[in-house]
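**Student:** I would like the atomic coordinates for the input below:
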Amino acid sequence: MESESEEEDKREMEDYGEHLRQNNLRLVTLAQCIAKNKELHRPACNELLNWCKDQRAFSLHFEKNLLDALQAAFSVCTQDGFDLQLVSDLINTCFHARRSLSKEGALRVSRWYEQLRRKRASRIAKFKRKVERERRIEEESNRINNE
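**Tutor:** Sure, this is the predicted structure:
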């Protein structure tokens, strides 16, 4: 016969197992919302971002589903209707906590972080070239109008 303490320990373990199951199920649901539904993309990314601000999010128990959700976000972030900046913030948050992940998980997050950093730099450079081109056209137009 189990002692009262053993029964309490058993209940706590069952509760913890249920906690893990529910959180993993939520991560799977978030991954689906992030990748397949433009209307739910932003709220799902925001929820995942808030979740990732807690160090417990990077537990080995959640890693597979967390990485799947991040992969879903990364894979659609440059498509129309999806939020590149929000996904960048999400990946950035996870990048700074990557030491809590397995070596493989940390490497995946580092790759996404670097790829998004390059995309942002490329977009900024493209924007600067556009602004400079428009400025030259404006100057040329003003010069012609003044002649």
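**Student:** ramachandran coordinates for residue 61?
**Tutor:** phi -60, psi -30 (degrees, to the nearest 10).
**Student:** can you pull the contacts of it?
**Tutor:** By C-beta atoms under 8 Å, 6 or more residues apart in numbering, residue 61 lies in contact with 20, 23, 24. For glycine as for every other residue, the C-beta is placed from the backbone atoms N, C-alpha and C.
**Student:** any idea how far it lies from residue 138?
**Tutor:** When distances are taken as C-beta to C-beta, to the nearest Å, residue 61 and residue 138 turn out to be 58 Å apart.
**Student:** which of the contacts of residue 61 has the most neighbours?
**Tutor:** The member of the contacts of residue 61 surrounded by the most neighbours (other C-beta atoms under 10 Å) is residue 23, with 18 neighbours in all.
**Student:** give me the number of residues near the closest residue to that one other than its chain neighbours?
**Tutor:** Of all residues not flanking residue 23 in the chain, residue 62 sits nearest, at 6.0 Å (C-beta to C-beta, 6 or more residues apart in numbering). By the criterion of other C-beta under 10 Å, residue 62 has 19 neighbours.
**Student:** any idea of the pLDDT on residue 62?
**Tutor:** Residue 62 carries a pLDDT value of 96.
**Student:** is it in contact with residue 25, as I believe?
**Tutor:** No. Proximity of residue 62 to residue 25 does not meet the contact threshold set by C-beta atoms under 8 Å, at 10.9 Å.
**Student:** same for the helix or strand that contains residue 43, what does it pack against?
**Tutor:** Here residue 43 sits within helix 38-52, counting by DSSP states H and E. Packed against helix 38-52 by the contact rule (3 or more C-beta pairs under 8 Å, 6 or more residues apart in numbering; DSSP states H and E) you find helix 4-36, helix 63-76, helix 84-96.
**Student:** deepest-packed of these, please.
**Tutor:** Taking mean count of other C-beta atoms under 10 Å as the contact definition, the stretch among the helices and strands packed on helix 38-52 with the greatest mean neighbour count is helix 63-76, which reaches a mean of 20.
**Student:** tell me what angle that one forms with helix 84-96.
**Tutor:** For helix 63-76 against helix 84-96, the angle by axes from the mean of the first three to the mean of the last three C-alpha atoms, to 10 degrees is 150 degrees.
**Student:** pull the CA atoms of helix 63-76 into CSV?
**Tutor:** Presented in CSV, the C-alpha positions along helix 63-76 are these (Å, rounded to 0.1, in the frame of the first residue of the first chain):
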residue,chain,number,x,y,z
GLU,A,63,11.8,21.9,-27.7
LYS,A,64,10.5,19.9,-30.7
ASN,A,65,7.1,21.6,-30.8
LEU,A,66,8.7,25.0,-30.1
LEU,A,67,11.1,24.6,-33.0
ASP,A,68,8.3,23.4,-35.2
ALA,A,69,6.4,26.6,-34.4
LEU,A,70,9.4,28.7,-35.1
GLN,A,71,10.0,26.9,-38.4
ALA,A,72,6.4,27.6,-39.4
ALA,A,73,6.9,31.3,-38.6
PHE,A,74,10.2,31.5,-40.4
SER,A,75,8.9,29.7,-43.5
VAL,A,76,6.0,32.2,-44.1
